[in-house]
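1. Next come a sequence and a model predicted from it.
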Amino acid sequence: MSIGVNVERNLKTFQLSAEFNIPEPGITALFGPSGSGKTTLVNMIAGLVRPDRGHIQINDHVLFEHSRGINLPVRKRRVGCVFQDNRLFPHKSVRDNLFYGARRNPHKLPQDEQQAILEMLDIWDLMDRRPNLLSGGEKQRVALGRALLSNPDVLLLDEPLSALDHARKQEILPYLEWLRDHRKIPILYVTHAIDEVARLADHMVIIDQGKTLATGSVFDMLGRTDLAPLAGRFDAGTVLAARIVSRDPKAEVSFLECGGQRLVVPYLGRPKSNRVRLHIRARDVMIARTPPHDISANNIIPVTVTKISDEPGDTIDVTMCFGQDADATLLAETSGRPKIHARITKWSGSRLKLQPHQKVFAVIKSVTVNGQLRDR
């Protein structure tokens, strides 16, 4: 199951002209600044806004085709939506909200799958309440359950966490991770929060002023220094896939393997062999010409400089690949060897005399590594 979007629409402030594909499975983050057209695109896929031109398709199922006069109504699109304001019916109970769409869908989920969704969202105790008696996190769990129980072909999540405080966000994120890992449907996740992208997404579509700027794997996209201004000047960085090798509960650290290197991160609380995703901000990576000694930073990784991006301003972005062998740079381009990014001052780059193919060391404090467990 996948989605193809190629649409145009004249908006008040700019011309929206976006083209992208949402692969299956996993979460595709639709990322960009506020006002870039993300919500308009979601509403087009859902059938709430009509494009001026183009087409929208789920596999062979055409939802919109301007040239052929096709524009399926919302009820026939089999699209599940969760918005930041949840849009629950205030006069209905949680139970009635949950099954509102499912009762009208001839393609109902089997009973055991319905039970699994309700158990996963932990909302049995909320069934008889009205939405006004729910917390913000509980409302979003109900909205998510309502979308899933309708058995959609695709799930659209339009900034589902933006209206929640930090505590409620942390409450909802594990449910979204479960959804990503266990429900095999395409998910389009709209956000302008880079930390949510790094934690949840498998793929990214980056848009600005209604235009698609880039698409690809989240591992590649967050390392694109040319896209850093959209990500926020101090939030560009690296996403790495690793696995837990061992852990020390007393010392409250976990030891990981990534690209043949050992990494030390705050305790993750899971046994070895579990997969983990790491998010490391470029501003948290230091560069040393020789391996430093007697410092608090636990991660000193031998790397090779592959690219130096000299943008206007007082900083440079340095891309480095794991390893210092003769073929390190070539292998990074051809075999997916892990890369890491650092943002340092131009003065530091000049002092270190940095240049491509130079062998250096990436120095990372354990507490700056954000590690999230993956079930698959």
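-> Alright, I've got the coordinates. In this text, all values refer to a predicted model and were calculated from it rather than measured experimentally.
2. how close does Ala201 sit to Arg277?
-> For Ala201, the distance to Arg277 (C-beta to C-beta, to the nearest Å) stands at 10 Å. For the C-beta atoms, the positions are set from N, CA and C on the backbone; glycine is no exception.
3. Look at these two and report which has more neighbours.
-> Shown here are Ala201 and Arg277; by other C-beta atoms under 10 Å, Ala201 has more neighbours (26 against 21).
4. Quick check: phi and psi on that one?
-> Phi and psi for Ala201, reported as degrees, to the nearest 10, are phi -80, psi 150.
5. residue boundaries of the strands in the stretch 151-300 of the chain?
-> Secondary structure of the stretch 151-300 of the chain, counting by DSSP state E, counting those that start in this stretch: strands at 154-158, 187-191, 203-208, 211-217, 237-248, 253-258, 261-266, 275-281, 285-288, 299-309.
6. Would you convert these into CSV that also reports distance to Gln57?
-> Putting the strands of the stretch 151-300 of the chain into CSV (distance: least, C-beta to C-beta, whole Å) gives the following:
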stretch, distance to Gln57
strand 154-158, 11
strand 187-191, 14
strand 203-208, 16
strand 211-217, 16
strand 237-248, 29
strand 253-258, 38
strand 261-266, 41
strand 275-281, 30
strand 285-288, 41
strand 299-309, 37
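7. Val82 contacts Glu159, correct?
-> No - look at Val82 against Glu159 with C-beta atoms under 8 Å: they stay out of range, at 9.4 Å.
8. any idea which element the nearest residue to Val49 once chain neighbours are set aside lies in?
-> Leaving aside its sequence neighbours, Val49 sits nearest to Asn43 (C-beta to C-beta, 6 or more residues apart in numbering; 4.0 Å). If you go by DSSP states H and E, Asn43 is part of helix 38-46.
9. Buried ones in the helix or strand following that helix, by neighbour count?
-> Where DSSP H and E defines the elements, the next helix or strand beyond helix 38-46 is strand 53-58. Neighbour-count burial for strand 53-58 flags 54-58 (criterion: 16 or more other C-beta atoms under 10 Å).
10. Can you name the residues that contact Ile364?
-> Ile364 makes contact with 263, 280, 284-286, 297-299, 301 under the criterion C-beta atoms under 8 Å, 6 or more residues apart in numbering.
11. if we go to 6 Å?
-> Contact analysis of Ile364 by C-beta atoms under 6 Å, 6 or more residues apart in numbering lists 285, 299.
12. Could you do the one 4 residues further on as well?
-> Going by C-beta under 6 Å, 6+ apart, Thr368 touches Asp284.
13. now it: how far from Thr290?
-> Remark: distance between Thr368 and Thr290 (C-beta to C-beta) = 22 Å.
14. re earlier: I figured the residue nearest to Val49 was touching Ile56, is that so?
-> No - using C-beta atoms under 6 Å, Asn43 makes no contact with Ile56, being 11.3 Å away.
15. Tell me which helix or strand Leu109 sits in.
-> Applying DSSP H and E, one finds Leu109 in no helix or strand.
16. excluding its backbone neighbours, what's nearest it?
-> Asn151 (4.7 Å).
17. What is the neighbour count of that neighbour?
-> 19.
18. right, and it touches Pro110 too?
-> No - judged on C-beta under 6 Å, Asn151 makes no contact with Pro110 at a distance of 9.5 Å.
19. From the buried residues of strand 53-58, which one has the minimum pLDDT?
-> Ranked by pLDDT, the buried residues of strand 53-58 bottom out at Ile58, which scores 87.
20. in this protein, which spans are helices?
-> Secondary structure of the chain by DSSP state H: the helices cover 38-46, 94-98, 111-121, 136-149, 166-182, 194-200, 218-221, 228-231, 328-334, 346-352.
21. out of those helices, which comes closest to Gly269?
-> Proximity to Gly269 (C-beta to C-beta) singles out helix 166-182 among the helices of the chain, at 13.1 Å.
22. Now that closest one: buried residues?
-> Buried residues in helix 166-182, counted by 16+ other C-beta under 10 Å: 168-169, 171-173, 175-177, 179-180.
23. Next: stretch 251-269.
-> Within stretch 251-269, the residues that qualify as buried by neighbour count (16+ other C-beta under 10 Å) are 253-256, 258-259, 261, 263-265, 268.
24. same deal with stretch 5-22?
-> Neighbour-count burial for stretch 5-22, counted by 16+ other C-beta under 10 Å, picks out 5-7, 9, 16-18, 20-22.
25. Tell me which entries of these lie within strands.
-> The strands, defined by DSSP state E, take in 5-7, 9, 16-18, 20-22 from the buried residues of stretch 5-22.
26. Mind putting those into JSON lines with pLDDT and distance to Lys38?
-> As requested, those are exported to JSON lines (pLDDT from 0 to 100; distance: C-beta to C-beta, whole Å):
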{"residue": "Val5", "pLDDT": "94", "distance to Lys38": "12"}
{"residue": "Asn6", "pLDDT": "96", "distance to Lys38": "16"}
{"residue": "Val7", "pLDDT": "96", "distance to Lys38": "13"}
{"residue": "Arg9", "pLDDT": "95", "distance to Lys38": "13"}
{"residue": "Leu16", "pLDDT": "94", "distance to Lys38": "10"}
{"residue": "Ser17", "pLDDT": "94", "distance to Lys38": "14"}
{"residue": "Ala18", "pLDDT": "94", "distance to Lys38": "10"}
{"residue": "Phe20", "pLDDT": "92", "distance to Lys38": "12"}
{"residue": "Asn21", "pLDDT": "87", "distance to Lys38": "16"}
{"residue": "Ile22", "pLDDT": "82", "distance to Lys38": "13"}
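27. All set now, cheers.
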